[in-house]
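J.: sequence unknown, structure follows:
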Ligand code: AMP
């Protein structure tokens with residue numbers, strides 16, 4: 001663990017991507033297979049591999065309790081160091097450094113020992129589990145030296161803060177074991193376990209990486225287009241002649257990947273968490289499809305043949321036991337892709353073929369085929385957009401019929417056309433107290449879009465969240481303030497919001513050079529990370545395309561989408 005912590009410290013000390021990659025590559029070469037598997041997982045800033053199914057669930061207060069206990073520090077001392085760094089890992093470093101009774105001799109902390117401790121902690125559930133987790137934390141922190149503790153805490157809170165993206169780790173693995181990075185990426189897409197991929201890379205058997213049932217993998221994503229013309233322009237830019245596009249309704253629910261082997265059934269969310277128990281009414285129809293399969297689709301709240309607002313579904317997700325809401329907020333799943341069928345991986349087949357195979361399954365009841373059609377030109381797309389909106393859906397997802405399924409990728413193979421008025425996914429960078437009855441909560445937020453590795457502010461919003469959401473966010477902001485400027489708190493850029501607005505304007509009030517007119521928060525996007533927000537480039541594209549229709553379809557198509565002549 002000491003070596004890993006040193007490498008992490010060295011990585012955070014350089015901004016050069018090549019230097020980071022080389023530091024990691026040199027380190028990986030020195031490890032045994034078991035250490036390699038564990039180290040790579042920790043280098044992604046996570047205690048367990050993505051898609052592994054286990055979660056530590058060690059809350060902030062449990063870490064703090066163990067830290068105070070082991071370091072002998074007071075609560076006030078912790079508050080002070082925390083405010084200075086805005087990071088619990090760095091606070092742990094300081095407090096353990098100052099601890100009065102540091103052990104004289106320490107047995108070196110090995111990666112397998114940390115892995116075993118994490119496994120024990122994750123395995124504790126139900127009554128008494130909090131105590132098991134605190135005890136686990138206490139043992140880890142008392143065995144660790146300050147630098148180890150800093151990174152243990154950061155791994156446990158899944159926030160490494162050293163500027164090492166998974167893509168760079170893939171490059172480091174490729175360099176360490178002298179294999180092409182494309183092969184490493186492909187294997188990682190399929191098995192969603194970078195540690196396992198690193199071990200395979202070392203032994204030269206990356207070609208054996210394949211999809212495995214009950215090991216969820218990242219979803220293929222869509223790039224935003226702001227007008228129907230843009231959808232066609234993007235595809236034309238790559239090929240010589242315009243192609244027809246597959247067009248599906250964009251359902252406003254939660255993305256789901258279903259794995260079934262004839263007996264076991266599992267539903268995974270976009271964050272690769274298992275959510276099977278949340279949707280009991282889907283189980284029967286998913287099993288009735290027979291076969292061994294992996295399918296991709298969207299679960300939405302659905303009543304009287306129409307989608308009901310996402311907020312209703314959110315209520316269900318908050319419940320451990322959804323049974324009392326199954327009647328009032330029933331759900332259905334709209335399936336739109338089939339990635340594996342009876343031992344055969346379909347991902348590399350063209351979408352058209354995958355969908356044919358999907359429709360060969362006995363879909364029906366609570367598991368239906370997504371509404372789909374074909375568009376040959378922007379005018380058709382505009383009227384399909386109107387029809388989808390009339391059906392109560394969010395817009396369209398437009399897909400190239402030849403596209404392969406690329407896990408974790410957002411590209412122009414799939415495009416989303418959401419609303420007449422565009423929305424942006426942004427991250428909150430600062431929060432401040434509101435006025436009147438909101439004076440005691442941090443209700444006014446400043447948010448940013450991404451510009452390369454930087455975040456640039458673009459606006460401020462005051463409205464759109466419920467009182468409960470504001471309270472929850474206030475608590476989070478208080479715990480994740482990196483700089484306290486009095487009224488304004490600079491916060492860790494973690495909370496992703498979807499904001500609606502009337503138009504993008506030029507402005508020098510914000511770092512981006514743009515501002516949003518009448519921004520309002522549509523929803524908190526718990527399912528997205530700050531890496532996935534919109535970019536400054538997207539903002540420029542909205543600005544250029546918004547024309548007179550204030551941020552949505554071009555004037556002509558906006559009219560036709562509304563059914564006007
Ligand atoms: P967004 O969440 O706004 O980035 O939009 C992308 C999301 O749209 C996907 O992750 C899916 O959850 C959702 N979606 C809804 N309908 C479809 C569809 N027919 N095809 C693909 N994704 C869809």
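T.: It's in. Every value quoted in this text rests on a predicted model; they were computed, and no experiment measured them. Numbers count the residues shown, from 1 in each chain.
J.: Give me the below-cutoff pLDDT ranges for the protein.
T.: Residue ranges of the chain with pLDDT under 70: 100-104, 234-242, 419-421, 546-565.
J.: for it, what's the longest helix?
T.: Counting by DSSP state H, the longest helix found in the chain is helix 129-143.
J.: What count of nearby residues applies to the residue nearest to residue 416 when sequence neighbours are not counted?
T.: Leaving aside its chain neighbours, residue 416 sits nearest to residue 222 (4.2 Å; criterion: C-beta to C-beta, 6 or more residues apart in numbering). For the C-beta atoms, the positions are set from N, CA and C on the backbone; glycine is no exception. Residue 222 has 21 neighbours, counted by other C-beta atoms under 10 Å.
J.: Please apply the same query to residue 57.
T.: For residue 57, using other C-beta under 10 Å, the count is 13.
J.: Contact partners for it?
T.: Contacts for residue 57 (C-beta atoms under 8 Å, 6 or more residues apart in numbering) come out as 122, 133.
J.: ok, now how distant is the residue nearest to residue 416 from the ligand?
T.: For residue 222, the distance to the ligand (C-beta to the nearest ligand atom, to the nearest Å) stands at 5 Å.
J.: Quick check, that residue in contact with residue 409.
T.: No. Contact status for residue 222 versus residue 409: not in contact, 9.8 Å apart, counting by C-beta atoms under 8 Å.
J.: Give me the helices and strands touching the helix or strand hosting residue 189, please.
T.: Using DSSP states H and E, residue 189 maps to helix 181-191. On a contact count with 3 or more C-beta pairs under 8 Å, 6 or more residues apart in numbering; DSSP states H and E, helix 181-191 meets helix 166-177, helix 194-202.
J.: Pick the most buried one from those.
T.: helix 194-202 (a mean of 23; mean count of other C-beta atoms under 10 Å).
J.: From the rest of the structure, what touches the helix or strand following it?
T.: Downstream of helix 194-202, the first helix or strand assigned by DSSP H and E is strand 221-224. With C-beta under 8 Å, 6+ apart as the test, strand 221-224 has contacts from 234, 397-399, 408-412, 414-418, 422, 532, 534, 538.
J.: quick one, the helix or strand that the longest helix of the chain is followed by and helix 129-143 angle?
T.: Per DSSP H and E, helix 129-143 leads on to helix 146-156 as the next helix or strand towards the C-terminus. Orientation check (axes from the mean of the first three to the mean of the last three C-alpha atoms, to 10 degrees): helix 146-156 against helix 129-143 gives 150 degrees.
J.: So which elements touch helix 146-156?
T.: If you count contacts as 3+ C-beta pairs under 8 Å, 6+ apart, helix 146-156 packs onto helix 2-12, helix 60-71, helix 88-97, helix 129-143.
J.: Adding distance to the ligand and mean neighbour count, write these out as a markdown table.
T.: What follows is these, written out as a markdown table (distance: least, C-beta to the nearest ligand atom, whole Å; neighbours: other C-beta atoms under 10 Å):
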| stretch | distance to the ligand | mean neighbour count |
| --- | --- | --- |
| helix 2-12 | 30 | 18 |
| helix 60-71 | 28 | 19 |
| helix 88-97 | 30 | 23 |
| helix 129-143 | 32 | 18 |
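J.: nearest to residue 514, of these?
T.: Among the helices and strands packed on helix 146-156, the nearest to residue 514 by C-beta to C-beta is helix 2-12 (31.3 Å).
J.: tell me the angle the closest one makes with helix 146-156.
T.: Using the same axes, to 10 degrees: helix 2-12 against helix 146-156 is 80 degrees.
J.: Using the record, which stretches count as separate domains in the chain?
T.: 46-156, 220-417, 424-564 (automatic domain parsing).
J.: Get me the contact residues on the protein for the ligand.
T.: 219, 221, 222, 248, 250, 251, 255, 298, 336, 370, 397, 416 (C-beta under 6 Å from any ligand atom).
J.: Let's see if you can find the most crowded of the residues you listed.
T.: Counting neighbours by other C-beta under 10 Å, residue 251 leads the residues of the chain next to the ligand with 27 neighbours.
J.: which residue sits closest to it, ignoring its sequence neighbours?
T.: In space, residue 251 is closest to residue 298, 4.2 Å off (C-beta to C-beta, 6+ apart).
J.: Over to the one you found. Which of the three states is it?
T.: Reduced to three states with DSSP: H, G, I helix; E, B strand; the rest coil, the structure at residue 298 is strand.
J.: is it true that residue 355 touches residue 339?
T.: No. Counting by C-beta under 8 Å, residue 355 does not reach residue 339; the two are 11.4 Å apart.
J.: re earlier: please name the bridge partners of the residue nearest to residue 416.
T.: When assigned by DSSP bridges, residue 222 has beta-bridge partners residue 411.
J.: What distance do you get for it to residue 543?
T.: Taken as C-beta to C-beta, to the nearest Å, the spacing of residue 222 relative to residue 543 amounts to 21 Å.
J.: now residue 197
T.: Separation of residue 197 from residue 543 (C-beta to C-beta) stands at 40 Å.
J.: returning to that earlier point: what sits against the residue nearest to residue 251?
T.: By C-beta under 8 Å, 6+ apart, the contact list for residue 298 reads 251, 253, 254, 255, 256, 333, 334, 336, 370.
J.: Would you enumerate the residues in contact with the second one?
T.: By C-beta under 8 Å, 6+ apart, the residues touching residue 253 are 298, 299, 300, 301, 307, 310, 313, 331.
J.: switch the cut-off to 10 Å
T.: Going by C-beta atoms under 10 Å, 6 or more residues apart in numbering, residue 253 touches 297-302, 307-308, 310, 313, 331-334, 393-394.
J.: same check, this time on the last one
T.: Contacts for residue 370 were tallied using C-beta under 10 Å, 6+ apart; they are 248-251, 297-298, 333-337, 355, 358, 363, 393, 397.
J.: what does the first one give?
T.: Residues near residue 251 by C-beta under 10 Å, 6+ apart: 297-300, 302, 307, 310, 332-334, 336, 370-371, 388, 391-395, 397.
J.: Just the buried residues out of the residues you listed, in PyMOL syntax.
T.: The PyMOL selection below is limited to those of these classed as buried (16 or more other C-beta atoms under 10 Å):
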select buried, resi 297+298+299+300+302+307+310+332+333+334+336+370+371+388+392+393+394+395+397
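J.: Just the contacts of residue 251: which are in strands?
T.: Using DSSP state E, the members of the contacts of residue 251 that fall in strands are 297, 298, 299, 300, 302, 307, 332, 333, 334, 336, 395, 397.
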